[in-house]
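Visitor: Predicted coordinates and the sequence they were generated for:
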Amino acid sequence: MSFDKSNTYEALNRIGRGAYGTVYKAKDRKTGNDVALKRVCVPLTEDGIPMNTLREIALLRQLNTFDHPNIVRLLDVCHGQQMEKELIMYLVFEHVEQDLATYIEKNSKGFCSIEIRNLAKEILQGVDFLHSNRVVHRDLKPQNLLVTHDGHIKLADFGLAKSYDFEMQLTSVVVTLWYRAPEVLLGLTYATPVDIWSIGCIIVELYSLKPLFCGCSEGDQLSKIFRIIGKPSEKEWPEENVSIKWNSFDVINTITIEEIIPNICETACDLVMSMLTFDPKKRVSALQALNHPFFTEEPLNT
């Protein structure tokens, strides 16, 4: 593995694979600090590096200037080997030891309500920051949420993030299946509410220690969703050319969030259900969620 500034960073070992690249743990030789190197292969056009890649890097640098506590920091961008049709680039991020999936796995006895509230709040603060900067993450899942040694959340893996105008809608299917919102599963256009749906799934997982909807296909995923939130009425079903028809679902053996998580408090359940709403227009926003009684009530049941 070689790249410009190779005398600055020493690669130690591979720690993961994201949507668009491999991530390595490395050491910054100047400071001695550990960093995370994301290796990305960029296809070159006749004009060189594609505009969308340059925009992504500009976006990361722009977000970085705010130094938000719940967003992983971009430290450097390095050009690696250039071939005829592609360029290897390395995005250098602060290194955080574990992701939320590992953190959940380690806490086999579960989390108390206060811990869940703090984790959920920090996820929402990071997402509210992205949304207020016209960025939708599009791939929120426990593997893309990092947890620091003192238990704080940092959003990572913006390989799929995209800056957008509020008039523009995003169409490509990108979110990991289990955390996908219904509009993505149906092949519809979508925007920031897809992130809110994912957070609702993640909050339930913090209570139950296992994913909420484990579908094996788009149709199966929707069936599992409707079993909990209820099948929408035919009137609510999108009129656009959806990939799956309303009458293809026969929902039986319905179950509530309270049955899945008997120890969930009333306000947490209300918050989750406001996120897991079929119609994205009726889904709560990140800012509205942060003002929900779940985060403001005192005292909170432990």
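Guide: Cool, the structure landed.
Visitor: just checking, what packs against the longest helix belonging to the chain?
Guide: When every helix of the chain is counted residue by residue (DSSP state H), the longest turns out to be helix 113-132. Counting contacts by 3 or more Cβ pairs under 8 Å, 6 or more residues apart in numbering; DSSP states H and E, helix 113-132 is packed against strand 153-155, helix 193-208, helix 266-275, helix 286-290, helix 293-296. To be clear about C-beta, it is placed using only N, CA and C from the backbone, and glycine gets the same treatment.
Visitor: what's the closest of these to residue 249?
Guide: With Cβ to Cβ as the criterion, residue 249 lies closest to helix 193-208 of the helices and strands packed on helix 113-132, at 18.0 Å.
Visitor: quick one, that closest one and helix 266-275 angle?
Guide: Put simply, helix 193-208 runs at 150 degrees to helix 266-275, going by axes from the mean of the first three to the mean of the last three Cα atoms, to 10 degrees.
Visitor: following the worst-scoring helix or strand of the chain on mean pLDDT, which helix or strand shows up next?
Guide: Across the helices and strands of the chain, mean confidence by mean pLDDT, DSSP states H and E is lowest for strand 162-163: a mean of 54. Toward the C-terminus, strand 162-163 is succeeded by helix 182-185 as the next helix or strand (DSSP states H and E).
Visitor: Any chance you could list what contacts that following helix?
Guide: Residues from elsewhere that reach helix 182-185 (Cβ atoms under 8 Å, 6 or more residues apart in numbering): 173-175, 189-190, 193-194, 197, 218, 221-222, 225, 238, 244, 278, 280.
Visitor: How about stretch 13-30?
Guide: Counting by Cβ under 8 Å, 6+ apart, the neighbours of stretch 13-30 from elsewhere in the structure are 1, 7-12, 33-41, 75, 91-92, 95, 139, 143-144, 157, 159-160, 174.
Visitor: Out of these, which sit inside strands?
Guide: When the contacts of stretch 13-30 are checked against strands using DSSP state E, the ones located there are 9-12, 34-41, 75, 91-92.
Visitor: By neighbour count, which of those residues wins?
Guide: residue 37 (26 neighbours; other Cβ atoms under 10 Å).
Visitor: List the contacts of it.
Guide: If a contact means Cβ under 8 Å, 6+ apart, then residue 37 has 9, 11, 23-26, 90-93 as its contacts.
Visitor: quick one: least confident of the residues you listed?
Guide: Scanning those for pLDDT, the smallest score is found at residue 11, 82.
Visitor: what sits opposite that residue in the beta ladder?
Guide: Here residue 11 sits in beta bridges with residue 26, going by DSSP bridges.
Visitor: And it, how far from residue 41?
Guide: 16 Å (Cβ to Cβ, to the nearest Å).
Visitor: same thing with residue 267?
Guide: Using Cβ to Cβ, residue 267 is found at 46 Å from residue 41.
Visitor: And for residue 295?
Guide: Taking Cβ to Cβ, one finds residue 295 at 41 Å from residue 41.
Visitor: Next, give phi and psi for residue 150.
Guide: Comment: the main-chain dihedrals of residue 150 come out as phi -100, psi 20, following degrees, to the nearest 10.
Visitor: Pick the one among the contacts of residue 37 closest to residue 271.
Guide: Closest to residue 271 out of those is residue 93 (30.1 Å), distances taken as Cβ to Cβ.
Visitor: which residues does the closest one bridge with?
Guide: The bridge-partner assignment for residue 93, based on DSSP bridges, gives residue 36, residue 74.
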